[in-house]
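> Task: produce atomic coordinates for the following.
(2 chains)
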Amino acid sequence: MPIQFVEYRMTHPLTPTPPHAAAATRAPDLTLQMVSDPVYLSGAREMVSAVSRRLGFSEEACGQIALAVDEALCNVIRHGYDKRRDGPIWLSVWPEYGDNGQSGVKGIRIVVEDEARQVDPSQIKSRNLDEIRPGGLGVHIIREVMDEVTFEKRDRVGMRLTLVKHKKKDGGCCSAGGA
Amino acid sequence: MADEGIRVQSEMKDGAVIVAPEGDVDLSRSPVLRTSLKQALTAKPARLVIDLGLVDYMDSSGVATLVEALQIARKGGTKMVLCGMKDRVRSIFEIARLDTVFTIAASREAAMAV
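A predicted model of the protein is given here:
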């Protein structure tokens, strides 16, 4: 029954995999499905950092990508789900190729999706950093360390955040055999 | 779900309170650090040294915890100094442009002398 299905999707902590970023032309190489419990932040960070390292990002860039994902997840948990610990979050990863894939991996695309409260993307802004006060730094950090940052409302419920980081021309390659 | 938490060691030395968290300071763990810092600041010590030498990772919730502690310290007349930061931790202070707001020393000894 359609109504029961909608109710299930709204209340079950881990609903079926949602439709992923419209911008992506193929399924993600990797998807992590988690609940909005901060205890899983470290696992998400380590996964993203390890994948970034294998894609050839420098150690510094791997740390920045993991930080951006951490901040994105924190925002979903704190503001989207109001600290509820059972909301679903999907973290999907695609390598970015240049020249139709002929010249190797050029970057990484990460999409964070949720079923949390929707917000007008134009209202998601960095705060004035001259104001010294706790909190409100997450969006600034995300925009500072990633090359492309796009907030969108998902079709029916929740938000989608697309993060892209390009590799530097000097390669910034990580140590061989990392993670 | 339960978290193993973060270890926060506190000690008194030469009139200063030294607080040394250990591990990742993120959204799940910064409340523990917040409680430790509030306790340390209750007695309004002359100096509060926060040794971050054993912190491998910090996100904006950890930074917010330290900003809050700094504000309480300033109100209470306590000099608050951060020390021992690893590059990865220091970079978030730089990204948030807070590296010039905090007093940052290289080592615990230097933090006692600032």
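> Low-confidence ranges, chain A, go.
A:1-25, A:99-102, A:169-179 (pLDDT under 70).
> The chain: strands as residue ranges?
In the absence of a named chain, chain A is used. A:30-35, A:88-97, A:105-114, A:148-153, A:159-166 (DSSP state E).
> Correction: the question concerned chain B.
Counting by DSSP E, the strands of chain B are B:7-13, B:16-25, B:47-51, B:54-58, B:79-83, B:103-105.
> Mean neighbour count, those strands: which tops it?
strand B:47-51 (a mean of 24; mean count of other C-beta atoms under 10 Å in any protein chain shown). Bear in mind the C-beta positions are built from the backbone N, C-alpha and C, glycine included.
> between the longest helix seen in chain B and strand B:79-83, how many degrees?
Across chain B, the longest stretch assigned as helix under DSSP state H is helix B:60-76. Here helix B:60-76 points in a direction 150 degrees away from that of strand B:79-83 (axes from the mean of the first three to the mean of the last three C-alpha atoms, to 10 degrees).
> and stretch B:106-114, C-alpha only, in PDB?
Extracted in PDB, the C-alpha atoms of stretch B:106-114 (Å, rounded to 0.1, in the frame of the first residue of the first chain):
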ATOM      1  CA  ALA B 106      55.100  24.800  20.800                       C
ATOM      2  CA  SER B 107      55.400  22.800  24.000                       C
ATOM      3  CA  ARG B 108      54.000  22.500  27.500                       C
ATOM      4  CA  GLU B 109      57.100  24.200  28.900                       C
ATOM      5  CA  ALA B 110      56.800  27.100  26.500                       C
ATOM      6  CA  ALA B 111      53.100  27.400  27.400                       C
ATOM      7  CA  MET B 112      54.000  27.800  31.100                       C
ATOM      8  CA  ALA B 113      56.400  30.700  30.100                       C
ATOM      9  CA  VAL B 114      54.200  32.700  27.700                       C
END
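> Let's have the strands of chain A in CSV, adding mean neighbour count.
Shown next, in CSV, are the strands of chain A (neighbours: other C-beta atoms under 10 Å in any protein chain shown):
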stretch, mean neighbour count
strand A:30-35, 16
strand A:88-97, 20
strand A:105-114, 22
strand A:148-153, 16
strand A:159-166, 22
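> tell me the contacts of the residue nearest the centre of chain B?
In chain B, the centroid-proximal residue (C-alpha atoms, centre = their mean) is residue B:50; its distance is 3.9 Å. Residue B:50 makes contact with B:18, B:19, B:20, B:21, B:37, B:66, B:69, B:80, B:81, B:82, B:83 under the criterion C-beta atoms under 8 Å, 6 or more residues apart in numbering or on different chains.
> what do you get for residue B:61?
Counted by C-beta under 8 Å, 6+ apart, residue B:61 has contacts A:74, B:25, B:26, B:27, B:30.
> rerun that using 6 Å as the cut-off
B:27, B:30 (C-beta atoms under 6 Å, 6 or more residues apart in numbering or on different chains).
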